[in-house]
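*Asks:* this is the structure alone, sequence omitted:
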Ligand SMILES: [Zn+2]
């Protein structure tokens, strides 16, 4: 087998294998699912252990960096910018 096809074969095999890395959820996944999904990944610092979703707020906050995840969406950024300008 040539080196090139060997690599292609390995790549194919890799794609066949179920991914082992844990899946982290985003706050938007929770909002869409309408129930708590874990673990959540912080959009700001990337922490996967400190993000708590607050049902009554409809948003998640990272206990590590204090970031409200809703602020870190594109729309959230825009809202924040508008707020800062006002
Ligand atoms: Zn964070």
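*Replies:* Noted; the coordinates are in hand. Fair warning: this is a prediction, and the values are worked out from it, not measured in the lab.

*Asks:* what residue lies at the spatial centre of the protein?
*Replies:* Centrality entry for the chain: nearest residue to the mean C-alpha point is residue 26, 3.6 Å, by CA atoms, centre = their mean.

*Asks:* close to the ion: what parts of the protein are there?
*Replies:* When proximity is defined as CB under 5 Å from the ion, the chain approaches the ion at 42, 44-45, 47, 62, 64-65, 67. Just so you know, the C-beta spots here come from the backbone N, C-alpha and C atoms, and that holds for glycine as well.

*Asks:* pull out the buried members of the residues you listed.
*Replies:* Under a neighbour-count criterion of 16 or more other CB atoms under 10 Å, the subset of these counted as buried comprises 42, 47, 62, 67.

*Asks:* distance of the third one from residue 42?
*Replies:* To residue 42, residue 62 is 4 Å away according to CB to CB, to the nearest Å.

*Asks:* who touches both of the two?
*Replies:* Residues touching both residue 62 and residue 42 by CB atoms under 8 Å, 6 or more residues apart in numbering: 50-51, 69.

*Asks:* okay, and the helix or strand of the chain with the least pLDDT?
*Replies:* helix 74-85 (a mean of 64; mean pLDDT, DSSP states H and E).

*Asks:* hang on, residue 51 packs against residue 60?
*Replies:* Yes - when contacts are counted by CB atoms under 8 Å, residue 51 is listed as touching residue 60 (5.2 Å).

*Asks:* no further queries at this time; thank you.
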